[in-house]
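Participant: the sequence and its predicted three-dimensional model are supplied below.
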Amino acid sequence: MKLLRIIKKIAGKIIRWGYKLTYKLIPIDPKLVIFISFHGRGYSDNPKAIYEQMIKDPAFEGYRFIWFVKHHKKKDLHIPKAKIVEYFSIPYFYYMSRAKFWIINCKMPTYISKKPDQVYLQTWHGTPLKRLAHDIDVAEDTTFYRSGVSYEAMVGSYDIDVERYNYMISPNRFCTKVFQTSFGIDRKRLIETGYPRNDFLTNHTKEDVIRVKKKYGIPLDKKVVLYAPTWRDNSYVAAGYTFKLEVDFHEWKKKLPADTVVVFKPHYLIINTFENDQELDGFLYSIPAEAEISELYIIADQMITDYSSVFFDYAILKRPIYFYMYDLEQYASDLRGFYLDIHKDLPGKVYRNEGKMLEDMARNNYDYEQLKQFNAQFNNREDGHAAQRVLDVLKKER
């Protein structure tokens, strides 16, 4: 096993070296677009929404579209009108050199090179509650991620990527301000369009709700509570990030109304699995970490989260959000810190005790006026047409 890892590491270095020597020799195809979502984890998020709008737009008729996805054959993935290429394969490097447009929602590796005539649209993947990059105020010896990189190396990797951006999507005025300080990007490259992935939340139908419930085997006649916690920067093993469930779902079953079920969706970075409890059959539905969370938003009547940015998107639906932050002191002090005052600015109340939270949920004790004010500030651009606004920008680069 160790020998195999060494061989893979050497092979990766050879491929990257060969790419550096040859990428300039490969001509750009003006009608080729590549898409990457979460480092090749799948077909999702803002790139997916932009792609689905792009294939409907007559301006992009005759274009070719390529999605880079890890282990795509094993996943048996099919994307209409697109070619799927294995992430970090030799064809991956070829098409990165060949494509006119890059549409990506995550930080790209520093070894990727971009030609002046290529167009890199960074869609990003959320409005941040936790501080990002240059905005993180930490001691000099602080390290980041499982790899333990220094603060200088961490922000340096962002700086390299940001320099390659032609455009970066901002969903709202708040992000337009924050992205300039956190990423060091100049205002003229930020396009304040709203997030394309949220067009689905505005435009979804009752048929979509029924389809998603059937997809995950959730009873059509039940109300749904979505529990979507985030990952912890400091909780990991060699293989990836882990998450320890600090909730008592048996207590949830007792205190929530009888017509309610819970859908648990871990963050996509979480690698550990969660054992099924037969006593919770028919009440608790565990959804794979890689599932498209926007589908779960539309079936959820209420949401519970913690420090995840999911609440920014879910708020668009104007449904109750509860914040269960059992480890608040540790999280705020040991990790990255927050942009918002969590006791004043969030669209819902912060709970340290799950019992009190469950009581308020059962009674529908929620401040909708607070939610209305939050949406006015953070979701004022979410009108169902964000993807088309992004395409209108890209059309200028054809």
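Facilitator: Received it, and whenever you're ready, just let me know what you need. Numbering: from 1, shown residues only.
Participant: skipping its backbone neighbours, what lies nearest Tyr297 in space?
Facilitator: Tyr314 (5.2 Å; C-beta to C-beta, 6 or more residues apart in numbering). For every residue, glycine as well, the C-beta is placed using N, CA and C.
Participant: and the one you found, what is it in contact with?
Facilitator: Tyr314 makes contact with 226, 297, 300, 303, 305, 321, according to C-beta atoms under 8 Å, 6 or more residues apart in numbering.
Participant: got it, and Asp277?
Facilitator: Asp277 is in contact with 249-250, 284, counting by C-beta under 8 Å, 6+ apart.
Participant: doesn't Phe323 fall inside a helix?
Facilitator: No. Per DSSP: H, G, I helix; E, B strand; the rest coil, Phe323 lies outside any helix segment and is strand.
Participant: now render the contacts of Tyr314 as TSV, adding pLDDT.
Facilitator: As requested, the contacts of Tyr314 are arranged in TSV below (pLDDT from 0 to 100):
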residue	pLDDT
Leu226	97
Tyr297	98
Ala300	98
Met303	98
Thr305	95
Ile321	98
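Participant: in strands, which of those fall?
Facilitator: For the contacts of Tyr314, the ones inside strands are 226, 303, 305, 321, with DSSP state E as the criterion.
Participant: as a markdown table, the residues you listed with distance to Lys188 would be great.
Facilitator: A markdown table is the format used below for the ones in strands among the contacts of Tyr314 (distance: C-beta to C-beta, whole Å):
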| residue | distance to Lys188 |
| --- | --- |
| Leu226 | 38 |
| Met303 | 36 |
| Thr305 | 34 |
| Ile321 | 34 |
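Participant: just the residues you listed now: which is nearest Glu354?
Facilitator: Thr305 (13.1 Å; C-beta to C-beta).
Participant: so Lys20 touches Tyr111, yeah?
Facilitator: Yes. The pair Lys20 / Tyr111 is scored as a contact, 7.3 Å apart, by C-beta atoms under 8 Å.
Participant: what's the local residue count around Asp345?
Facilitator: Residues near Asp345, counting by other C-beta atoms under 10 Å, number 16.
Participant: same question but for Ser44, I mixed them up
Facilitator: By other C-beta under 10 Å, the burial measure for Ser44, its neighbour count, is 20.
Participant: residue contacts, it?
Facilitator: 37-38, 292.
Participant: same check, this time on Arg389
Facilitator: 191, 193-194.
Participant: just Asn203 next, same as before
Facilitator: Counting by C-beta under 8 Å, 6+ apart, Asn203 touches Gly384.
Participant: if we go to 10 Å?
Facilitator: Applying C-beta atoms under 10 Å, 6 or more residues apart in numbering, we find Asn203 in contact with 383-385.
Participant: show the pLDDT at Ala139.
Facilitator: Looking at Ala139, its pLDDT reads 61.
Participant: contacts only, for Ile299.
Facilitator: 204, 208-213, 215-216, 218, 220, 222-224, 226, 263.
Participant: try it again at 6 Å.
Facilitator: Applying C-beta atoms under 6 Å, 6 or more residues apart in numbering, one finds that Ile299 lies in contact with 209, 212-213, 224.
Participant: now do Glu246
Facilitator: Glu246 sits next to Tyr326 when contact means C-beta under 6 Å, 6+ apart.
Participant: part of a helix, is it?
Facilitator: No. Under three-state DSSP, Glu246 sits outside any helix and is assigned coil.
Participant: which residues in the stretch 201-350 of the chain form strands?
Facilitator: 223-227, 236-237, 240-241, 260-264, 284-286, 302-305, 321-324, 350-351 (DSSP state E, counting those that start in this stretch).
Participant: and those strands, which one averages the lowest pLDDT?
Facilitator: When I compare these, strand 236-237 is least confident, with a mean of 37.
Participant: quick revisit: of the contacts of Ile299, buried ones?
Facilitator: Taking 16 or more other C-beta atoms under 10 Å as the criterion, what is buried in these is 209, 212-213, 224.
Participant: between those residues, which is closest to Ala258?
Facilitator: Looking across these and measuring by C-beta to C-beta, the closest to Ala258 is Val224, at 13.8 Å.
Participant: against Pro47, how distant is that closest one?
Facilitator: Noted for Val224: a distance of 27 Å to Pro47, by C-beta to C-beta, to the nearest Å.
Participant: with Tyr326 instead?
Facilitator: From Tyr326 to Pro47 the distance is 34 Å (C-beta to C-beta).
Participant: so which of those two has more stuff around it?
Facilitator: Set Tyr326 next to Pro47 and count neighbours by other C-beta under 10 Å: Pro47 wins out with 26 against 14.
Participant: can you name the residues that contact that one?
Facilitator: Counted by C-beta under 6 Å, 6+ apart, Pro47 has contacts 35, 37, 103, 105.
Participant: care to break this structure down by domain?
Facilitator: 2-198+384-397, 200-378 (automatic domain parsing).
Participant: check these for me: which has the lowest mean pLDDT.
Facilitator: Mean pLDDT is lowest for domain 200-378 among these, at a mean of 86.
Participant: how close does the most centrally placed residue in the chain get to Tyr51?
Facilitator: Centre of the chain computed as the mean C-alpha position; nearest residue by C-alpha atoms, centre = their mean is His125, 4.2 Å away. According to C-beta to C-beta, His125 stands 15 Å off from Tyr51.
Participant: cool, His134 as well?
Facilitator: 31 Å.
Participant: out of the two, which sits in the more crowded spot?
Facilitator: Shown here are His134 and Tyr51; by other C-beta under 10 Å, Tyr51 has more neighbours (24 against 16).
Participant: make sure I have this right: the more buried one is in a helix.
Facilitator: Yes. According to three-state DSSP, the state of Tyr51 is that of a helix.
Participant: grab the nearest non-local neighbour of it.
Facilitator: Of all residues not flanking Tyr51 in the chain, Phe35 sits nearest, at 5.7 Å (C-beta to C-beta, 6+ apart).
Participant: list the contacts for that neighbour?
Facilitator: Counting by C-beta under 6 Å, 6+ apart, Phe35 has contacts 47, 51, 67, 103.
Participant: neighbours of Leu358, how many?
Facilitator: 22.
Participant: kindly report the same for Leu201.
Facilitator: Counted with other C-beta under 10 Å, the neighbours of Leu201 add up to 19.
Participant: my guess is it contacts Ile316, does it?
Facilitator: Yes. Counting by C-beta atoms under 6 Å, Ile316 is a contact partner of Leu201 at 4.8 Å.
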